[in-house]
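**Student:** kindly generate the corresponding structure for this input.
(one chain, ligands or ions: 1)
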Amino acid sequence: MTPPACGGVGVGCTKIEEYHYILKRRLDNAFERRQILSIFINSMKYHPFLRAIHWLMFILFTILFVLGATMIEFKECEPWARYNFHKSTGVLVLLLVFLRLLIRSRTSIPRPLTTPVLLQRVARIVMLLMYTLMILVPISGYALSNVHGYGVKFYGLPLPNLFPTHVAWETFSSAIHFYLAYLFLICIAIHIVGIIWHHVRGRELLRRMS
Ligand code: HEM
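**Tutor:** You can find the predicted model right below:
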C-alpha cells in the first residue's frame, strides 16, 4: 500500500490522517488475508474439469459394471443392444481417461495428506493401478471383441478392428478382460474405503473432489 500523501505516520501527518492511514491498512490486510485464504482453499481442490470427469466416470463405470454383469442374460431376447452400449461406453471411458490425464498433467493437484508414509504409498499405488486399469480394461474389452470376430461401434459409428480374430485366444481374451475388470473393482473398493476412513477422522478429502 502507498504511504499517506502527508508524508507518513509520525512524520508530518495530522492525527486524523494517521487514523485514516492505519484504518485503510487494516482493511487492506483483511482483504489480502481473504485473498490468500481463498487461493489456499482453491489450491486444495482438483481442477473443475477433473472433478466433473471424476464423477462422470464414476457413473459410467457403474453402468459398465451393471451391464457387464447382466447383459449375458439378455443376449437371447435382445440381441447385442446391451453389448453395443457396454462397448461404446467402454470406448468413451478410454477417451475420457486420456483427457483426464492430459488435464491432470497441466493443472495443479492437491498435496497428499500428511498421513504416515506407508499409507501415502498405498494410496499412490492404488491410484496408479486405477489409472492403469482404466486404460487396460477398455483395451482388453476391445481386443476380446475383435478376437471373437466382432467389431466395435462407438454409439453406432463403426471402429476399425485393431486385433486379429483368433479362435484359440477366445477363452484367454475373455479371462483377461474379466480378471482386469474385477481387479479394478477391488481397487475402487479400497479407494472408497480409504476416502471414508479419512472422512471419519475429520479429514475432508471429499471437498477436494466436489
Ligand atoms: C468408479 C469409481 C471411482 C474411480 C475409478 C475413482 C478414481 C479416482 C482417482 C484415479 C483419483 C485420483 C485423482 C488424481 O489424483 O488424479 C480419485 C480421487 C478421489 N476420489 Fe475417486 N474414484 C471413484 C469413486 C469415488 C467415490 C465413490 C468417491 C467418494 C466416496 C471418491 C472420492 C474421491 C476423492 C475425495 C478423491 C481425492 C483424493 C485426494 O485428494 O487424495 N471416488 N478417484
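**Student:** use CA for all of it now, contacts and neighbours both
**Tutor:** OK.
**Student:** so what's the residue count around residue 64?
**Tutor:** By other CA atoms under 10 Å, 20 other residues sit near residue 64.
**Student:** how about it, what does it touch?
**Tutor:** Residue 64 sits next to 86, 89-90 when contact means CA atoms under 8 Å, 6 or more residues apart in numbering.
**Student:** briefly note if the helix or strand that it is a member of comes near the ligand.
**Tutor:** Residue 64 belongs to helix 48-70 when assigned by DSSP states H and E. Yes: judged by CA under 6 Å from any ligand atom, helix 48-70 comes into contact with the ligand through 58, 61.
**Student:** C-terminal to that helix, what's the next element?
**Tutor:** helix 81-106.
**Student:** how far does the helix holding residue 64 sit from the chain's center?
**Tutor:** Helix 48-70 has its C-alpha centroid displaced from the chain centroid by 10 Å (CA atoms, centre = their mean, to the nearest Å).
**Student:** rewinding a little: between the contacts of residue 64, which is closest to residue 162?
**Tutor:** Comparing the contacts of residue 64 against residue 162 with CA to CA places residue 90 closest, at 15.2 Å.
**Student:** domain assignment for this protein?
**Tutor:** 1-43, 46-209 (automatic domain parsing).
**Student:** just the CA trace of the helix holding residue 64, in PDB.
**Tutor:** C-alpha atoms of helix 48-70 as PDB (Å, rounded to 0.1, in the frame of the first residue of the first chain):
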ATOM      1  CA  PRO A  48     -13.200 -28.200 -12.100                       C
ATOM      2  CA  PHE A  49     -12.800 -30.300 -15.200                       C
ATOM      3  CA  LEU A  50     -11.100 -33.100 -13.200                       C
ATOM      4  CA  ARG A  51     -13.900 -33.100 -10.700                       C
ATOM      5  CA  ALA A  52     -16.500 -33.200 -13.400                       C
ATOM      6  CA  ILE A  53     -14.700 -36.100 -15.200                       C
ATOM      7  CA  HIS A  54     -14.200 -38.000 -11.900                       C
ATOM      8  CA  TRP A  55     -17.900 -38.100 -11.100                       C
ATOM      9  CA  LEU A  56     -18.900 -38.600 -14.800                       C
ATOM     10  CA  MET A  57     -16.600 -41.600 -14.900                       C
ATOM     11  CA  PHE A  58     -18.000 -42.900 -11.600                       C
ATOM     12  CA  ILE A  59     -21.500 -43.000 -13.300                       C
ATOM     13  CA  LEU A  60     -20.100 -44.600 -16.500                       C
ATOM     14  CA  PHE A  61     -18.200 -47.300 -14.600                       C
ATOM     15  CA  THR A  62     -21.300 -48.100 -12.600                       C
ATOM     16  CA  ILE A  63     -23.200 -48.500 -15.900                       C
ATOM     17  CA  LEU A  64     -20.400 -50.600 -17.400                       C
ATOM     18  CA  PHE A  65     -20.200 -53.000 -14.400                       C
ATOM     19  CA  VAL A  66     -24.000 -53.400 -14.200                       C
ATOM     20  CA  LEU A  67     -24.200 -54.100 -17.900                       C
ATOM     21  CA  GLY A  68     -21.100 -56.300 -17.900                       C
ATOM     22  CA  ALA A  69     -22.600 -58.500 -15.200                       C
ATOM     23  CA  THR A  70     -26.100 -58.800 -16.600                       C
END
